[in-house]
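Chemist: Give me coordinates for this.
(one chain, ligands or ions: 1)
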Amino acid sequence: MSTNKKAPSSELPSDSLEPKSVAPKPETASKKPSPSSRIQKAVALAKTAHSGQFRRTGEPYIIHPLAVKKILEEWEMDEDTIIAGILHDVVEDTSVTLEEIKTEFGESVAFLVDGVTKLSEVRKNMHDIDTYLPETKDNFLRLMIALGSDIRVLIIKLADRLHNARTLSALPPAKQKKIALETLEIFAPLADRLNMGLLRVELADLAFSYVNPRRYEYLKNLIESTNKQASKALKEIKSEVSALLKKEKIDFEISGRIKSVYSLHKKLAKHNQNMGEIYDLTALRIIVPDIVSCYLTLGLLHSLYTPMNERIKDYIAVPKQNGYQSLHTTVITKNKKIVEFQIRTREMHEYAERGLAASFYYNEQKLTENYKQGKIQHLPTNLLWITELQEAAAKLKEGKKVDLKKLRLNLFADKIFVYTPKGDIIDLPKGSLPLDFAFRLHSEIGGHVVGVKINGKMSNLNHHLEQGDVVEILTSKNQKPRASWLDKIITPHARQKLRQMLPKD
Ligand code: MN
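Modeler: Next comes the predicted model:
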């Protein structure tokens, strides 16, 4: 990475202000896996196979698979996954065959390598990101189902993408942007769906620094200066809170956490760029031993400061879709400072940062097996889509048809996938209405809507579309666009198209 291009440090764990004081890993985490002869054998094979190949940076190609190995080791993945990570590019780029891998390393490793290879083959056929994005998601979904029987394929792919994103500076600008955009659109949301918070933040911020460098710099500086200004006040609040928790004999760790650049960017977009509405630019994170202490701590905070009631969020009782758990509250201190607190147990913290990888770490075995046998305690119960993928994959293996329309795949947060009667997939924001869909197809369609059929039944323009709906727009040449339709639209695109069609007064 060149030095003038300030990409986010790969060492910054999530949005942590003081990474060292947060999250010392449980003791077993420092236990290094014993050097395995299988891993050594895989490294030797990859070195031979890739010899004479180079990366854009001019370095020998082997740098890349070794970096992927290191990432997977940091995520504490199982040995087969690490081996597949080392070998993930050999079938595609060298003369080593899948059969050889199977003979040398077994079926499981071969399956994983094959999965990753197929994943990149599909990508190769998609050239121009601007035209293929909606299509990608379709192919991607289909592929994910095909690969769904082993989620580790995805984890290797994410490790691969992380290293490629970290080394983006070596690529020509057009390619940088393309990969960065894809990282932002597909891989960072995927990391989010797996609740791999550290990875999501690193991928999103790296990619965003290429997609929109000026905005990235601006927001990064904004976050830094705001935190600098707030640091003295935060320190006081921290010691006030610490004193109270100590008095109440609650075991705790408290630390600052900084918002990531990309999440600030997204939040500002949601709030019309109004910084006054961003309350969690700086937040304090409190880690306590158990759930009861979480609620106790919340109560104590509220006895000390005035809570902004509408901003209390109980993600312990109701976890986020990806399994994230924490209590969030925003309070006003005696000095009229607004501060957000996040309260969670150590286990919740581990899971928030490492997500699915944390499950592997605790179990050292395949998630699927443990999941089915009910062995995983802090089970990502809300990772329903993985189960769905697995069920669909099992069906495919048996030669049965998988009905994509029925499969409630919600891989991309806040998005739904609906279908045209022909089966084309259209992705829309959650809460979209039939007119959003119609204008997305074409403004000529949007402008002449007389009705809508949803899943074959007549419906109305106020009906919120749901994941998997088949939407048929009925049009008439005689219909004219109406101003009242503006109330039946939620997407900016459709709104803009409709406005252009309305008669000017
Ligand atoms: Mn690779």
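Chemist: Is it correct that residue 182 falls within a helix?
Modeler: Yes: residue state for residue 182 (DSSP: H, G, I helix; E, B strand; the rest coil) corresponds to a helix.
Chemist: Which residues belonging to stretch 265-284 are considered buried?
Modeler: 265, 267-268, 278-284 (16 or more other Cβ atoms under 10 Å). For the C-beta atoms, the positions are set from N, CA and C on the backbone; glycine is no exception.
Chemist: which residues sit against that stretch?
Modeler: When contacts are taken as Cβ atoms under 8 Å, 6 or more residues apart in numbering, the neighbours of stretch 265-284 outside the stretch itself are 17, 208, 212, 215, 219, 223, 226-227, 230, 234, 237-238, 241, 254-259, 264, 308, 311, 330, 338-342.
Chemist: how much space is there between residue 331 and the ion?
Modeler: Applying Cβ to the ion, to the nearest Å, one obtains 46 Å for the distance of residue 331 from the ion.
Chemist: swap that for residue 45, sorry
Modeler: Shown here: residue 45 relative to the ion, a distance of 16 Å by Cβ to the ion.
Chemist: Domains in this structure, by residue range?
Modeler: The record's domain split for the chain, according to automatic domain parsing, is 35-211, 215-354, 360-501.
Chemist: Out of these, name the one with the poorest average pLDDT.
Modeler: Per-segment mean pLDDT for these reaches its minimum on domain 360-501, at a mean of 74.
Chemist: Might you name the residue of this structure sitting closest to the ion?
Modeler: Closest approach between the chain and the ion, counting by Cβ to the ion: residue 160, at 4.2 Å.
Chemist: That residue reaches residue 88, doesn't it?
Modeler: Yes: taking contacts as Cβ atoms under 8 Å, residue 160 lies within contact range of residue 88: 6.1 Å.
Chemist: out of these two, which sits in the busier spot?
Modeler: Taking other Cβ atoms under 10 Å, residue 160 and residue 88 do not tie; residue 88 has more neighbours (28 against 23).
Chemist: can you map out the strands along the stretch 151-300 of the chain?
Modeler: Defined through DSSP state E, counting those that start in this stretch, the strands belonging to the stretch 151-300 of the chain, from first to last, are 253-258, 282-288.
Chemist: ok and the last one relative to strand 253-258, angle-wise?
Modeler: Orientation check (axes from the mean of the first three to the mean of the last three Cα atoms, to 10 degrees): strand 282-288 against strand 253-258 gives 150 degrees.
Chemist: Need the buried residues of stretch 265-284 in TSV (columns: distance to the ion).
Modeler: Output for the buried residues of stretch 265-284, formatted as TSV (distance: Cβ to the ion, whole Å):
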residue	distance to the ion
265	28
267	32
268	34
278	37
279	40
280	35
281	36
282	37
283	35
284	39
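Chemist: From those, which land in helices?
Modeler: Counting by DSSP state H, the buried residues of stretch 265-284 place 265, 267-268 in helices.
Chemist: Buried residues, the longest helix belonging to the chain. List them.
Modeler: With DSSP H applied, the helix covering the greatest number of residues in the chain is identified as helix 213-247. Of the residues in helix 213-247, those buried under the neighbour-count criterion (16+ other Cβ under 10 Å) are 216, 219-220, 222-223, 226-227, 230, 234, 237-238, 241, 245.
Chemist: And for stretch 178-196?
Modeler: Judged by neighbour count using 16+ other Cβ under 10 Å, the buried positions of stretch 178-196 are 178-196.
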